[in-house]
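> Dropping a prediction and its sequence here:
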Amino acid sequence: MSVHLHDHTEWTDVLEPASRELLSHAWSEATKVFSARGLDNYVKGASALRGLGRGAGPVNAWIDCAPQVAKEVGEDVVSELATTALMLASKTSGAVIELVLATAPTAARRLADATLFLQYLQFLNTLVAQAPRGVRPMLEHLDALLGQLTLGGLRRWATWGAHAHRTAYEEQIRYFGLDSKESQAVLQKERKGTLLVDVQRRINMYLRALWGRDFFMRPTAGDFESREGYQPFIEDYFIHLPDAYDAVDGNAGQVAATELYRAAAAHAAAHVVCTRQPMSAESLSPWQMAVIGLVEDARVESLAIQRFPGLRTLWASLHTANDQACASAGDWLNRLARAWVDPSHQDAHPWIAQGRSLLAEALPRIVANPFDNTVSWEVGVALAHSYRELTQGPGFQPRTDVQSAAYRDDNRYVWAFAGFDAERAIAAGYEPPQQVRRQVNLMEFANEIDVETAGDDAQEIWVLGTELFPYEDMGISFNESEGHEPLIAPCHYPEWDHMIQLERPAWVTVQERRPVSGDASVIDGILAEHRRLIGRMKYILDAMQPQGVQRLRKLEDGDELDLNAALASVIDMRMGRQPDPRIMMRSVRKTRDISVLVLLDLSQSTNDKVHSPHASPLSGSQPPGGKDSRLGRPSERAGVQEHTVLDLTRSACALLADAIAKVGDPFAIHGFCSDGRHDVNYWRFKDFDQAYDETAKAHLAGMQGQLSTRMGAAIRHASAALRHQRSSKKLLLVITDGEPADVDVRDPQYLRHDAKKAVEEAGRNGVMTYCMSLDPRADAYVSRIFGARNYLVVDKVERLPEKLPVLYAGLTR
């Protein structure tokens, strides 16, 4: 790839002369920030924007802004910026696209991190769909907004306005233009005290003055949903600090946010400088790890205070524990931390006195060998053993017993795990390691010695790309003969813990399974049984057929010039008549641009029986009097026919799939059940890229109900599948017969809150979630999970096949 502009004539020749001249002037600056591949993407991006046919404005904005964005957050995000601009072309005008590109350098400079900038682009894509009239005024005030809000605060501020003024377009424009009192009030509510981007340069200079070296710092955005930021942490030698801090209460008054940043950065830098070798967590309990981590914090702070005594005052001001706190193990840890950093603080308890004495005795060793952290191990283990004897205090709870000093990091940097233990890893702030699956060829697979004692937690699993058959090929693979399913790489998702208000990282494992095939004629029988209902739906389906692109003419404000109207206005002007100012037109797509994923709850409860009349409402309701007025014969009500919830769900899916296939929308039908957090089973009965044919019908016929319902993980996995679709509207339709529950969860609220978080995450990614519940008592919890207007409770389960296609038609109209 070349760095010379004349080598890219294939792409530059399509540009307008003014754009080519601007590109030639910007090329010198671009070569300073782009690699050869980046320059190639830069030129191709300009050519692609020219192909949109929206004029030279977006092209010129791209040529001017792309090098500035690359300079601020790296060239890797520039291609994503171009992709976002191209995707917005089907949703908004060229002027808005130009403004998105023109303000991108401002966003990159204020966010100062590539990951946050990508999240900003996702936010814009969602906002265009929610409040299209508000995007332009918001972008015009972007510098002022990002000067007062974090990215999470901006998202909440914009979401409030989009929901409050969904159809009031004038109010929407005033809100996003900061011209309404509501806008100012919400802005003040979401405003943070001090942004990291405003003080990062000063903090860098401060650390360089202390240690004579540079440190790498990155912001973390922890306030998308709550106003609290993530705890500071160190990972891969990068110091991660919250992107905003408010002033906090100290032991001698309020401590400014800038001082809090100084304290957090100085503490993390002390870890980076003085911790050269991580400690092993093998054979340690969570309580021992907590105390050893506290001692390690005191060790690095003691070394820093030896060189810079003023740091003691800074750190001590942020410890607020008093000598009477004893309600939890966390209170005792906070008392010990304050006693070590603040010698003037009085706390005469024997355990605290022992901690002060042990650290004072070890201080000469610490100063003599500043990189030896075995002292922390020895002192921490001794204090952990004497805790219960000297304090008679409560047991340690890793989720709630944390340090209260806001500047302290989570200590993940100081630990190394020889063997993985989930509970200890979570207590130390580490994410569980991923199991490695290697794709190998046939010879490697056949010649390697299999470890027969290895279980599902094996460190490495070798996977052959195709099925392996015996030498005596009889058409049956080893997997089939041994009853094992072919391995598909598992997916790990976080899970929300409402007790600690934090996500447990990589907490749930979703394992995709191969669907079992049944008899496809069962689905054909269902369609034949419900032919009356299909006939009644014919008119609804015909109305949903796409109508193509229509042009709305005679507009004063539009996207394109209406040549006929413009010529008529010129003629009127020449003849001295008043011209018609409505000379614009707008092209409106009357096509359907939606992807639908139906997610089925396949838990054990779907095998329960549902009693319904023999001539059930599945085939349509009967007129009063028990007579069929069209056929003139008595209704068949003799006897009772039993169906399971799964049978009715299968019937509803068959009718819905037949309806969607006729309309032509891309759709998928997936199902799930769970057996604890490590084994959430997931099936793709019909995927987006698969035809609705005999194979898909056989998969629907083979559905089975089993195990439990861990709904949040399934919604996250389904949302990930929907996000890969290019449709502007994405619908996730969840069909369940009960509330979320699993065998390893006792708190009934735990999985409800996690499912609610999963639905909110899907909404932020542009996925609309709707629930059809078959539980008559579902109103008590389903509205809190999916929202007051995003669910339907089917009181009579036997009517599910009739209601589901009609619901789909209403949601996608």
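Yep, that arrived.
> drop to CA atoms for contacts and neighbour counts, all remaining ones
Fine.
> Over to residue 552. Which of the three states is it?
strand (DSSP: H, G, I helix; E, B strand; the rest coil).
> Could you pull up the residues touching it?
585, 586, 587, 588 (CA atoms under 8 Å, 6 or more residues apart in numbering).
> repeat that with 7 Å
585, 586, 587 (CA atoms under 7 Å, 6 or more residues apart in numbering).
> Identify those among the residues you listed that sit within strands.
585, 586, 587 (DSSP state E).
> Can you select the buried ones among these for me in ChimeraX?
Buried residues within the ones in strands among the contacts of residue 552, by 16 or more other CA atoms under 10 Å, are selected in ChimeraX with:
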select :585,586
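> Name the residues that touch the helix ranked longest in the chain?
Longest helix in the chain, counting residues (DSSP state H): helix 286-307. Outside helix 286-307, the residues that touch it by CA under 7 Å, 6+ apart are 267, 270-271, 274, 311-312, 337, 340, 367, 376-377, 380-381, 384, 396, 398, 411, 424, 427.
> How about the secondary structure of the nearest residue to residue 29 once chain neighbours are set aside?
Distances taken as CA to CA, 6 or more residues apart in numbering put residue 67 closest to residue 29, at 7.2 Å, once the chain neighbours are dropped. Assigned state for residue 67: helix (three-state reduction, three-state DSSP).
> quick one: residue 67 and residue 600, what's the gap?
47 Å (CA to CA, to the nearest Å).
> Check residue 171 too.
Counting by CA to CA, the gap from residue 171 to residue 600 is 40 Å.
> Looking at those two now, which is surrounded by more residues?
residue 600 (25 against 18; other CA atoms under 10 Å).
> out of the contacts of helix 286-307, which are buried?
267, 270-271, 274, 311-312, 337, 340, 376-377, 380-381, 384, 396, 398, 411, 424, 427.
> OK, contacts around residue 32?
Contacts of residue 32 by CA under 7 Å, 6+ apart: none found.
> just to confirm, which helix or strand has it in it?
With secondary structure defined by DSSP states H and E, residue 32 is part of helix 17-33.
> Does residue 470 belong to a helix, a strand or coil?
Under three-state DSSP, residue 470 falls in the coil class.
> Distance check, it against residue 70.
Distance of residue 470 to residue 70, given as CA to CA: 55 Å.
> Look at the two and report which has more neighbours.
Ranked by neighbour count (other CA under 10 Å), residue 470 and residue 70 place residue 70 first, with 21 against 11.
> State the helix or strand in which that one lies.
Assigned by DSSP H and E, residue 70 falls within helix 56-73.
> which secondary structure elements does that helix contact?
helix 17-33, helix 36-50, helix 78-88, helix 94-111 (3 or more CA pairs under 7 Å, 6 or more residues apart in numbering; DSSP states H and E).
> Quick one: mean pLDDT over it.
For helix 56-73, the mean pLDDT works out to 89.
> again with stretch 779-793
Per-residue scores along stretch 779-793 average to 89.
> Likewise for stretch 161-181?
86.
> how far does it sit from the chain's center?
Between the mean C-alpha location of stretch 161-181 and the chain-wide mean there is a distance of 26 Å, by CA atoms, centre = their mean, to the nearest Å.
> How about stretch 740-748?
Worked out by CA atoms, centre = their mean, stretch 740-748 lies 23 Å from the chain centre.
> Can you name the residues in contact with that stretch?
So stretch 740-748 is in contact with 674, 675, 676, 708, 709, 710, 711, 751, 752, going by CA under 7 Å, 6+ apart.
> Repeat that for stretch 200-219.
With CA under 7 Å, 6+ apart as the test, stretch 200-219 has contacts from 113, 196, 238, 239, 240, 241, 242, 243, 262, 266.
> Please, a PyMOL command that selects the buried ones among those?
Applying 16+ other CA under 10 Å to the contacts of stretch 200-219, the buried members can be selected in PyMOL as follows:
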select buried, resi 113+196+239+240+241+242+243+262+266
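> residues touching the closest residue to residue 98 other than its chain neighbours, list them.
With sequence-adjacent residues excluded and distances taken as CA to CA, 6+ apart, residue 98 is closest to residue 58, at 4.3 Å. By CA under 7 Å, 6+ apart, the contact list for residue 58 reads 49, 94, 97, 98.
> what's the closest of those residues to residue 463?
Lowest distance from residue 463 to the contacts of residue 58 (CA to CA) belongs to residue 49, with 42.6 Å.
> what about that closest one, distance to residue 107?
From residue 49 over to residue 107 the distance is 20 Å, taken as CA to CA.
> repeat for residue 703
48 Å.
> average pLDDT across whichever strand or helix holds residue 313?
Of the helices and strands defined by DSSP H and E, residue 313 is found in helix 310-316. Averaged over helix 310-316, pLDDT sits at 90.
> Disregarding residues adjacent in the polypeptide, which is nearest to residue 513?
Spatial nearest neighbour of residue 513, excluding adjacent residues (CA to CA, 6+ apart): residue 683 at 5.4 Å.
> In three-state terms, label that neighbour for me.
Per three-state DSSP, residue 683 ends up strand.
> low-scoring stretches of the stretch 1-150 of the chain, by residue?
Along the stretch 1-150 of the chain, the model assigns pLDDT under 70 to residues 1-3.
> Let me see the backbone angles for residue 112.
When read as degrees, to the nearest 10, the backbone of residue 112 gives phi 60, psi 20.
> Likewise for residue 495?
phi -140, psi 140.
> mind saving the C-alpha coords of stretch 113-127 as CSV?
Extracted in CSV, the C-alpha atoms of stretch 113-127 (Å, rounded to 0.1, in the frame of the first residue of the first chain):
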residue,chain,number,x,y,z
ASP,A,113,-10.4,6.7,24.5
ALA,A,114,-11.0,4.5,21.5
THR,A,115,-13.5,2.2,23.4
LEU,A,116,-15.6,5.2,24.6
PHE,A,117,-15.6,6.7,21.1
LEU,A,118,-17.0,3.4,19.6
GLN,A,119,-19.7,3.5,22.3
TYR,A,120,-20.4,7.1,21.3
LEU,A,121,-21.0,6.0,17.7
GLN,A,122,-23.3,3.3,18.9
PHE,A,123,-25.2,5.9,21.0
LEU,A,124,-25.6,8.1,17.9
ASN,A,125,-27.0,5.2,15.8
THR,A,126,-29.6,4.4,18.5
LEU,A,127,-30.5,8.1,19.0
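> Name the residues of it that are buried.
Within stretch 113-127, judged by 16+ other CA under 10 Å, the buried ones are 113-114, 116-118, 120-127.
> now, among those, which is nearest to residue 530?
residue 126 (39.1 Å).
> Would you mind measuring from residue 508 to residue 501?
Counting by CA to CA, the gap from residue 508 to residue 501 is 17 Å.
> do residue 489 as well
Residue 489 is 30 Å from residue 501, by CA to CA.
> Which one of the two is surrounded by more residues?
A side-by-side neighbour count of residue 489 and residue 501, using other CA under 10 Å, places residue 489 first with 14 against 11.
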